[in-house]
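Participant: For reference, the sequence and a predicted model appear below.
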Amino acid sequence: MEAAPNKRSYVRFAVIRGLLKGYSRAQVSELFGRGERMVRLWMVLFNTGGIDALASKPRTGRPRKIKLEHLEDLLVPVLEDPSKAGEQHWTGVKIHGWLKEQLALELGYRTTIRYLHELDYNLRVPQRWPERQNEAERAAFLEELHTLRQQPGIEVWYGDECGIEGDPRPRRRWSARGSRPRVPYQGEHIRSNVIGAVCPATGQSFALIFNGVDTDVFQCYLDHLAESIPPDPQKRRILILDNASWHKAARLDWHHFECKFLPSYSPDFNPIERLWLRLKADYFSDFIAHTPDELIERLCTALNAFMDDKRKVASQCATRK
């Protein structure tokens, strides 16, 4: 650090020193005013090439017309709140146009995108989030759940249903520039439903395939679940579910399971949702089912793979402490 050729190198060395001292990426990022993406880049440079790779070298080409610090003061407030610039949301083209027209900054589009990356901003699709959540109810549920987990002999299970389409949505892929990759589809609306339950603590899971879901179907699933996971006098098993109508039918026989319901509009509290996402990503990306039997066969392969790999399920469905 004392022999750093310039301030830029000094900051990089100081960040690495902080990491070696035990500080987290988030802590050194906040301490030195650099984005975590930049800190990760410096870590890679240091791990691959040592101090020489980390030291800032003279840059080739023309110097920048606008310093990053100056652009940060202008851009970050409107990125966080687009309404300040009269926008609902931002795209790269909109940001470039706003800088050029409203602030009279002569920046190219690619330079604008590079500045955004250096400010640790990326283009992401926002997660849909319900407005009708009761935060007090959610906090109370988490506190109760935390208390249950601390008690010996209690096994917490999470259950949910998932629909699988024969024509799933294509996933992004790397392709040659100018090409137009295509994925065929049937358009027959082939569909199956899965009811599953998972215990994140042990990695156990159990799932069955049905044509649809109602109270009778869910009771059938409970019967098979109780048979597959027999009662244990030393364990108290709690099954956590969402507020679907068939989960709350008075005539349901829960066997040796106790039911508990999630707060309204709280799918993020159910770790089995992550298992469904992994199942679709690993087994149904661009998969085309020409018949219902093909879809069921593929689904059986996927579910059996998860039920046989408890370590993977436990990792995928790990819950917050």
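Facilitator: Cool, got the structure.
Participant: Residue ranges in the protein under the pLDDT threshold?
Facilitator: For the chain, applying pLDDT under 70 flags the ranges 58-61, 320-321.
Participant: Okay, buried residues for stretch 252-262 please.
Facilitator: Within stretch 252-262, the residues scored as buried using 16 or more other Cβ atoms under 10 Å are F257, K260, L262. The C-beta positions use only the backbone N, C-alpha and C, and glycine is treated the same way.
Participant: Restrict it to CA atoms and write it as PDB.
Facilitator: Provided in PDB are the C-alpha atoms of stretch 252-262 (Å, rounded to 0.1, in the frame of the first residue of the first chain):
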ATOM      1  CA  LEU A 252     -59.200 -33.700   6.000                       C
ATOM      2  CA  ASP A 253     -57.400 -36.500   7.900                       C
ATOM      3  CA  TRP A 254     -53.900 -35.200   8.700                       C
ATOM      4  CA  HIS A 255     -52.800 -38.600  10.300                       C
ATOM      5  CA  HIS A 256     -49.700 -37.900  12.500                       C
ATOM      6  CA  PHE A 257     -48.900 -34.600  10.900                       C
ATOM      7  CA  GLU A 258     -49.900 -31.200  12.400                       C
ATOM      8  CA  CYS A 259     -50.900 -28.500   9.900                       C
ATOM      9  CA  LYS A 260     -49.800 -24.900  10.000                       C
ATOM     10  CA  PHE A 261     -50.600 -22.300   7.500                       C
ATOM     11  CA  LEU A 262     -48.300 -19.600   6.000                       C
END
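Participant: How far away from the center of its chain is it?
Facilitator: Averaging C-alpha positions (Cα atoms, centre = their mean, to the nearest Å) puts stretch 252-262 29 Å from its chain's average.
Participant: what does it rub up against?
Facilitator: Contact partners of stretch 252-262, identified using Cβ atoms under 8 Å, 6 or more residues apart in numbering, comprise 141, 157, 215, 218-219, 222-223, 225-226, 230-231, 236-243, 247-248, 269-270.
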